[in-house]
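**Q** Show me the folded form of this:
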Amino acid sequence: MTDTTARVHELNLYRQYFDLVAAGTKTIEVRVKYPHLTDLGAGDIIRFRIKGTDETCKVNVKRVTEYANFEALLDGEGPANINPTATREQQLNNIRAIYPPKKEALGALAIEIERTSDH
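**A** This is a model prediction of the structure:
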């Protein structure tokens with residue numbers, strides 16, 4: 001029998017995005033393909049935390065898709081799934097404000113998430 005224990009990843013999230021995840025309206029999380037995220041996959045759990053607080057929100061990872069850049073990711077996943085409160089251009093500007101070109105060059109990850117029943 002194989003070990004089917006899900007891996008848990010801890011990631012920080014800004015309040016505005018945390019609230020969308022907690023509400024279940026944000027179903028795609030955007031990240032740069034950092035080395036510590038290369039093993040992230042379907043079946044894993046992410047515990048999002050608002051930096052500097054004890055507030056957390058657990059989600060199941062349904063799928064991870066790699067894109068060459070943030071524009072391709074937004075076009076492939078649909079902006080409404082990433083942030084239903086902002087336009088595509090606003091989102092692109094917001095994402096690039098967090099991740100400068102040098103980081104974007106590492107590759108972009110679209111992480112499809114689903115809120116877990118145990119918060």
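
**Q** Okay, buried residues for the top helix by length along the chain please.
**A** Counting residues, the longest helix found in the chain (DSSP state H) is helix 88-98. Residues of helix 88-98 classed as buried under the neighbour-count rule (16 or more other CB atoms under 10 Å) are 91-92, 94-95. (Glycine included, C-beta is placed from N, CA and C.)

**Q** Could you list the residues in contact with it?
**A** Under the contact criterion CB atoms under 8 Å, 6 or more residues apart in numbering, helix 88-98 has outside partners 30, 70-71, 74, 79, 82-83, 86, 104.

**Q** How is the residue nearest the centre of the chain classified with respect to secondary structure?
**A** For the chain, the residue nearest the mean C-alpha position is residue 29 (2.1 Å; CA atoms, centre = their mean). The three-state assignment at residue 29 reads strand, by DSSP: H, G, I helix; E, B strand; the rest coil.

**Q** Please give me every residue in contact with it.
**A** Residue 29 neighbours (CB under 8 Å, 6+ apart): 11, 13, 17, 21, 46, 59, 82, 110-111, 113.

**Q** Give me the contact list for the strand or helix carrying residue 74.
**A** Assigned by DSSP states H and E, residue 74 belongs to helix 70-77. Contact partners of helix 70-77, identified using CB under 8 Å, 6+ apart, comprise 28, 30, 65, 67, 82, 88, 91-92, 95-96, 99, 104, 108-110.

**Q** just stretch 101-111 next, same as before
**A** Stretch 101-111 has contacts (CB under 8 Å, 6+ apart) with 28-34, 37, 40, 46, 61, 63-70, 72-73, 76-77, 82, 96.

**Q** Just the buried ones among those residues, please.
**A** 28-33, 37, 40, 46, 61, 64, 67, 70, 73, 77, 82.
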